[in-house]
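[1] Next come a sequence and a model predicted from it.
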Amino acid sequence: MIDKIKIEVLKDFIQSGNINFLIGSGLSRPFLPVLGNIEKQMASVKDAPANKQDALSAVLYKEYFEKVILPNLKPDYRSINYTLTHNNYCEFLNVWNDILHNRCSSLRSKQANIFSTNIDLFVENAAEATGVEFNDGFIGSINPVFSEANFQKSVLKNSIHFQNSTELPIFNLLKVHGSINWKEIDDKVCNDFNLSLVSDIKQVLSSKVGTFPVYKPVNDDIIEQLNGRHNFNAFIDAYNKMLLVNPTKKKFSETVFDVHFYELMRLMSNNLEKENSLLFAMGFSFEDEHIRNIVKRALKTNPTLMVFIFSHKDSGKQRYLELFGETNTNLLIIAPSEFNKINSLTGDKEIKEFDFQSINSVFKNILSQIPPHFVYGK
């Protein structure tokens, strides 16, 4: 494993690499919280008595729904937390749009793949706000339908007078755990612009179909509380209509058995197998076993792949080492203090943790070292 890297070296990788990103819930802070202990609690449901498991799952799903899903229905766009999070995503797209446009190699595609486990709509909203070329897998104007085949497209721009063609930077968003705006209609994944499924779940919860106990770590007391006294069927029925891979240890089986999630996993694997591919992992813990295994396999089989993991804090690096081992020669775990020792970001304070804002500052510094790449007739 590589121990240190300078921005100048990172710039050289970017100049000739196929760009991929893996983003997790850490990037949607502070507007949305990370899952914290919920996933561990969901994994422990199987240890509860069989007649309590459904009700206990409902309590945990309700907590997940209210904390991570419901805030996206009608967010306060003027709130500090939303504005900061939205601006971070916008800055990320703007910076990388310029990097892809400016980098010198004309042999490399100007596409960047964003593999996301987040089910929120921050990337989509940021793409709308910045006006970058963007592909979320949907095609159609009135009733957009999702298809993995839509990710195999490039965007060209012709000059008015000479008909010279230039490839434009484009961002492909592949939401490997589904999204709150996905809805199944006639066996097709359609774009639920109005988040009608989220509204339906909210209505069920407000109708007092059953009283939910307050969420807390799974223990004998909460199992005893449930004890068949609550009717959770209406909530579960409404929740299960959402096309999501839920934050449980059953992620792998759910992903494999659903054709769309399986195809997105395959696309991720295929892109990491390409020659000179780069993967930047940001706000992602790699506790997701199925995704971690894809990356570990690619590290072993593709010696030209480089994986860069931004560790949120110095203390998090040890966990990544436990998950990946220390023998990967094409893996770099970037910890804040180590990065500060060998890099100086002009105009920025010392990085204490790699949140989205500080990661963007690294990318902006790389952009400043890539000269503009002009194309005749553009």
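    Looks like it came in fine. Everything quoted here is computed from the prediction, not taken from an experiment.

[2] okay, CA-based contacts and neighbour counts for the rest of this
    OK.

[3] can you map out the helices along the chain?
    Along the chain, the stretches classed as helices by DSSP state H are 7-16, 38-43, 53-64, 80-102, 122-130, 196-206, 220-226, 233-239, 251-257, 259-272, 289-301, 317-324, 336-342, 356-368.

[4] nearest to Ser311, of those?
    Between Ser311 and these, the tightest spacing by Cα to Cα is seen for helix 317-324, at 5.9 Å.

[5] buried set for that closest one?
    Across helix 317-324, burial judged by 16 or more other Cα atoms under 10 Å covers 317, 320, 324.

[6] roughly how far apart are the last one and His101?
    Looking back up the chat, that one is Phe324. With distances taken as Cα to Cα, to the nearest Å, Phe324 is found 33 Å from His101.

[7] try the second one
    Tyr320 sits at a distance of 32 Å from His101 (criterion: Cα to Cα).

[8] OK, contacts around the nearest residue to Val68 once chain neighbours are set aside?
    Spatially, and ignoring its direct neighbours in sequence, Val68 is nearest to Leu32 (6.0 Å; Cα to Cα, 6 or more residues apart in numbering). Leu32 sits next to 25, 67-68, 71 when contact means Cα atoms under 8 Å, 6 or more residues apart in numbering.

[9] For Leu32, which phi and psi angles does the backbone take?
    Main-chain dihedrals, Leu32, degrees, to the nearest 10: phi -120, psi 140.

[10] ok, now which ones touch the residue positioned nearest the centre of the chain?
    Nearest to the geometric centre of the chain sits Ser116, at 2.2 Å (Cα atoms, centre = their mean). Remark: with contacts taken as Cα under 8 Å, 6+ apart, Ser116 is in contact with 22-24, 173-177.

[11] Adding distance to Asn194, write those out as JSON lines.
    Shown next, in JSON lines, are these (distance: Cα to Cα, whole Å):
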{"residue": "Leu22", "distance to Asn194": "27"}
{"residue": "Ile23", "distance to Asn194": "24"}
{"residue": "Gly24", "distance to Asn194": "24"}
{"residue": "Leu173", "distance to Asn194": "20"}
{"residue": "Leu174", "distance to Asn194": "20"}
{"residue": "Lys175", "distance to Asn194": "18"}
{"residue": "Val176", "distance to Asn194": "21"}
{"residue": "His177", "distance to Asn194": "20"}
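
[12] Which ones among those lie within strands?
    22-23, 173-175 (DSSP state E).

[13] looking at this structure, which helix or strand does the model trust least?
    The weakest-scoring helix or strand in the chain, judged by mean pLDDT, DSSP states H and E, is helix 251-257 (a mean of 51).

[14] Give me the buried subset of the ones in strands among the contacts of Ser116.
    22-23, 173-175.

[15] Using TSV, lay out those together with distance to Phe122 and pLDDT.
    TSV is the format used below for those (distance: Cα to Cα, whole Å; pLDDT from 0 to 100):
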residue	distance to Phe122	pLDDT
Leu22	15	98
Ile23	12	97
Leu173	11	97
Leu174	13	97
Lys175	12	96
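
[16] mind checking how far Asn118 is from Phe284?
    Noted for Asn118: a distance of 10 Å to Phe284, by Cα to Cα.

[17] same deal with Thr301?
    Thr301 is 22 Å from Phe284, where distance means Cα to Cα.

[18] What would stretch 109-120 look like as PDB? C-alpha coordinates only.
    Output of stretch 109-120 as PDB, limited to C-alpha atoms (Å, rounded to 0.1, in the frame of the first residue of the first chain):
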ATOM      1  CA  SER A 109     -13.200   9.700 -22.000                       C
ATOM      2  CA  LYS A 110     -14.400  12.800 -20.400                       C
ATOM      3  CA  GLN A 111     -17.000  10.800 -18.500                       C
ATOM      4  CA  ALA A 112     -16.900  10.500 -14.700                       C
ATOM      5  CA  ASN A 113     -18.900   7.800 -12.900                       C
ATOM      6  CA  ILE A 114     -20.400   8.500  -9.500                       C
ATOM      7  CA  PHE A 115     -21.300   5.300  -7.700                       C
ATOM      8  CA  SER A 116     -23.500   6.300  -4.800                       C
ATOM      9  CA  THR A 117     -25.000   4.400  -1.900                       C
ATOM     10  CA  ASN A 118     -27.000   7.500  -1.000                       C
ATOM     11  CA  ILE A 119     -30.700   7.500  -1.700                       C
ATOM     12  CA  ASP A 120     -31.100  11.300  -1.400                       C
END
